[in-house]
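Enquirer: fold the following, please.
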Amino acid sequence: LVGQVKSKIRSGSLQKAVIARDLTRKIGPKFSVSKVLTRLTEAYPDTFVFSIDGTIGASPETLASVRGRTVSLRVLAGSASRGLNSVADTSQARKLAMSQKDLDEHQFAVQNVLQTLRRYGITAVAEDTPFQLKLPNLWHLATDVRGRLPSLSGCLSVVGALHPTAAVAGSPTSAAVSFIENHENLDRGRYAGPVGWVDARGDGDWALALRCAQVDPLSATITAYAGA
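Expert: Numbers count the residues shown, from 1 in each chain. As a prediction, the model looks like this:
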């Protein structure tokens, strides 16, 4: 499947595609969702930890945060593993910051968000250069985006406009989604979907359901997902 994606990229019909896989395992009687959530919160304090109807995870990527007419979000694309010591860790971060492949991938994701927001009349600006976001197990290239809603339309309209982003589908979006539907052979379920909250005013915080798994108590299984 990776080979097919690369062929599409070389031919010019795709710039980027995010393909996913899943893995299912049995869970024992001692398995506890609350304990998993506690460990995720402690291990990844800078992430959006969520638990909705068996979908659990800790996402580092904000899809949209809306307060009144202000919308903010964080785009993540491009990653590298952490180093085993401080010297190696600094080297990994530096390599990521200079990796043309990762910078190109990141730029696709940022431009996808900005272009989508403009189509819906949302004025937005992004930082010129991504920064390196440090998580316990990975470095990410990250860019913060801020915008102004044309009216009090609320966060659900913003979420509906942005999803799926280039970070979870690819670029161009329609071509990437079509490729995924025809070739991935996987029911993603809630993986890579929007997850968050909204109040009566339309304010809310939403993330992408990444770094997640689906717990099924009836079959006593947990299914984890990953994309690349």
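
Enquirer: where does pLDDT dip in this protein?
Expert: Residue ranges of the chain with pLDDT under 70: 152.

Enquirer: show me where the protein has helices.
Expert: For the chain, applying DSSP state H gives helices covering 2-11, 33-43, 86-98, 100-119, 155-162, 173-183.

Enquirer: quick check: which of those helices is nearest to residue 224?
Expert: Closest of the helices of the chain to residue 224 is helix 33-43, at 11.4 Å (criterion: CB to CB). All C-beta spots, glycine's among them, are computed from the backbone N, C-alpha and C.

Enquirer: other SSEs contacting the closest one?
Expert: The contact analysis (3 or more CB pairs under 8 Å, 6 or more residues apart in numbering; DSSP states H and E) places helix 33-43 against strand 48-52, strand 55-59.

Enquirer: ranking those strands by burial, who's on top?
Expert: Highest mean neighbour count among the helices and strands packed on helix 33-43 (mean count of other CB atoms under 10 Å): strand 55-59, with a mean of 22.

Enquirer: now do it and helix 33-43, the angle between them.
Expert: 0 degrees (axes from the mean of the first three to the mean of the last three CA atoms, to 10 degrees).

Enquirer: isn't residue 109 up against residue 75?
Expert: Yes - Residue 109 is in contact with residue 75 according to CB atoms under 8 Å; the separation is 5.1 Å.

Enquirer: tell me which of the two has more neighbours.
Expert: Per other CB atoms under 10 Å, whichever of residue 109 and residue 75 has more neighbours is residue 75, with 28 against 25.

Enquirer: who's the more buried one bridged to?
Expert: Per DSSP bridges, residues listed as beta-bridge partners of residue 75: residue 143.

Enquirer: joint contacts of residue 109 and residue 75?
Expert: The contact sets of residue 109 and residue 75 overlap at 165, 167 (CB atoms under 8 Å, 6 or more residues apart in numbering).

Enquirer: picking that back up, nearest to residue 173, of the helices and strands packed on helix 33-43?
Expert: Set against residue 173 and scored by CB to CB, the helices and strands packed on helix 33-43 come closest in strand 55-59, at 19.8 Å.
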